[in-house]
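Visitor: Sequence first, predicted coordinates after that:
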Amino acid sequence: MRTASTALPAPKPLSLPDGRPAAGAWTLDPAIRHLNHGSFGAVPVAAQLVQDRLRREMLASPVAWFSGLARRVAAARAEIAESLGLDPDDTVLVPNASAGASTVFAGLTLPAGGQAVVTDHGYGAVTMGARRLARRYGGEVRTAHVPLDADERTAFEAVAAELSDRTALIVVDHITSPTGRRMPVELLGVEAARRGVPLLVDGAHAPGLLRTPLAGLDCDFWIGNLHKFACAPPGAALLVARGPLREGLFPLIDSWGAEDRYPARFDSQGTLDASAYLAASAAFRFVESTWGWDTARDYMTELADFGAAVIAQAFTALTGQDHTAEVGMPVPALRLVRLPDGLASTREQADALRDRVGRELGAATAFTAFAGVGYLRLSAHVYNTAADYEDFAERCVPALAQWARA
């Protein structure tokens, strides 16, 4: 039997320039072990202060604020696009990745009976949107089953096997939410272009984890959250659209910019609180100026590897089973640990377990289910340390093992 190993050294914690722990730059509750940055992110104080200042400005003079807001949003998206190696003329700001997907679904027309192809690793809300789109035109959604440990070629072939002459849209994750792995988006981009089929890439987790997310990727649409690993305030995400189909995309809210061309029509959204858009770059700049994003990604990855090994071995010591998870195409900062049998075998059970661990054990975690198996999904950031994972292994793993036996 293969078991997890803690031979990996604990990464040296990151510090602020004044010597304080990195966590000092956030306002996270120190009484909670924060092991789930990937779900909702966490905003550094530097970006909070910028957003607070912007909101005070908005409330002090609403007429001046909203009259000039479109220009400021355009400048913000240009700065963010430059940080991620994107073309500002392809890029618009949306409240979250799901809003970006909804924008794409609202702007597409499928042929009667057309099919949308998704994977079984997809984010539920986006898959629901693809189903609504297909139903609108009397079509259907086909789901490609990609093994958790599939390498790039195997994963590509699993998706390609679901494509046919009826395929009118492909929706695939860049980095999967439930399983924390990459998908072969570059290979699928080539295949989609060869077939003349639009490709939507859900890159919700990519900003901050991937230096230049769209490098080498040919796709019609790409969406990415800024509030996750890029640490922007909630309510900031990107939609990138390239090619003629983008002319059919309009904001979900019709406003005075509706008759402008893409991307300018997205810069005006009435009285939407755009402070998260305008403060997003402050978060990105903070990490870059304090540690550098390359250093931050390396640290997050080493820490996630360490945490997964420590926690898997703690489970193995209690159950005698292998709790490591073989994940094909792994990504920075995200790791899975297999749970004892009987825990979190469905999404609903996983969410309930997350809530129980938060209430009873004081740990903010993510649990996920894939193919009937429950996993702990770890997602590290610069404010985490090895002690977070060692404490979880010591306090929480025994409780989870006991709950599984019960």
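Guide: That came through fine.

Visitor: residues contacting Gly38?
Guide: Ser177, Gly180, His205, Lys228, Phe229, Ala333, Leu334, Ala366, Arg377, Ser379 (C-beta atoms under 8 Å, 6 or more residues apart in numbering). All C-beta atoms are positioned from the backbone trio N, CA, C, and that covers glycine.

Visitor: That one and Leu209, how far apart?
Guide: Gly38 is 9 Å from Leu209, where distance means C-beta to C-beta, to the nearest Å.

Visitor: likewise Ala116?
Guide: 26 Å.

Visitor: Repeat that for Asp391.
Guide: 25 Å.

Visitor: Check Leu49 too.
Guide: Distance from Leu49 to Leu209, by C-beta to C-beta: 25 Å.

Visitor: Which one of these two is surrounded by more residues?
Guide: Between Leu49 and Leu209, Leu209 has the larger neighbour count (other C-beta atoms under 10 Å), namely 26 against 12.

Visitor: residue boundaries of the strands in the stretch 101-250 of the chain?
Guide: With strands called from DSSP state E, counting those that start in this stretch, the stretch 101-250 of the chain shows them at 115-119, 140-144, 167-173, 199-202, 221-225, 237-241.

Visitor: thought Leu226 was touching Leu238?
Guide: Yes. Counting by C-beta atoms under 8 Å, Leu226 does reach Leu238; the two are 6.6 Å apart.

Visitor: okay, the strands of the stretch 101-250 of the chain in JSON lines with mean neighbour count, distance to Val190 and mean pLDDT next?
Guide: JSON lines is the format used below for the strands of the stretch 101-250 of the chain (neighbours: other C-beta atoms under 10 Å; distance: least, C-beta to C-beta, whole Å; pLDDT from 0 to 100):
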{"stretch": "strand 115-119", "mean neighbour count": "24", "distance to Val190": "15", "mean pLDDT": "98"}
{"stretch": "strand 140-144", "mean neighbour count": "18", "distance to Val190": "17", "mean pLDDT": "98"}
{"stretch": "strand 167-173", "mean neighbour count": "25", "distance to Val190": "12", "mean pLDDT": "98"}
{"stretch": "strand 199-202", "mean neighbour count": "28", "distance to Val190": "10", "mean pLDDT": "98"}
{"stretch": "strand 221-225", "mean neighbour count": "29", "distance to Val190": "15", "mean pLDDT": "98"}
{"stretch": "strand 237-241", "mean neighbour count": "27", "distance to Val190": "18", "mean pLDDT": "98"}
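
Visitor: among the ones you listed, which is nearest His34?
Guide: Proximity to His34, assessed across the strands of the stretch 101-250 of the chain by C-beta to C-beta, is greatest for strand 221-225 (17.6 Å).

Visitor: and the closest one, what does it pack onto?
Guide: helix 97-107, strand 199-202, strand 237-241 (3 or more C-beta pairs under 8 Å, 6 or more residues apart in numbering; DSSP states H and E).

Visitor: residues near the closest residue to Met329 other than its chain neighbours, how many?
Guide: Leaving out its chain neighbours, the residue that sits closest to Met329 by C-beta to C-beta, 6 or more residues apart in numbering is Arg182, at 3.9 Å. Neighbours of Arg182 under the rule other C-beta under 10 Å: 22.

Visitor: in stretch 65-79, what counts as buried?
Guide: Residues Trp65, Phe66, Leu69, Ala70, Val73, Ala74, Ala76, Arg77, Ala78 are the ones in stretch 65-79 that count as buried (16 or more other C-beta atoms under 10 Å).
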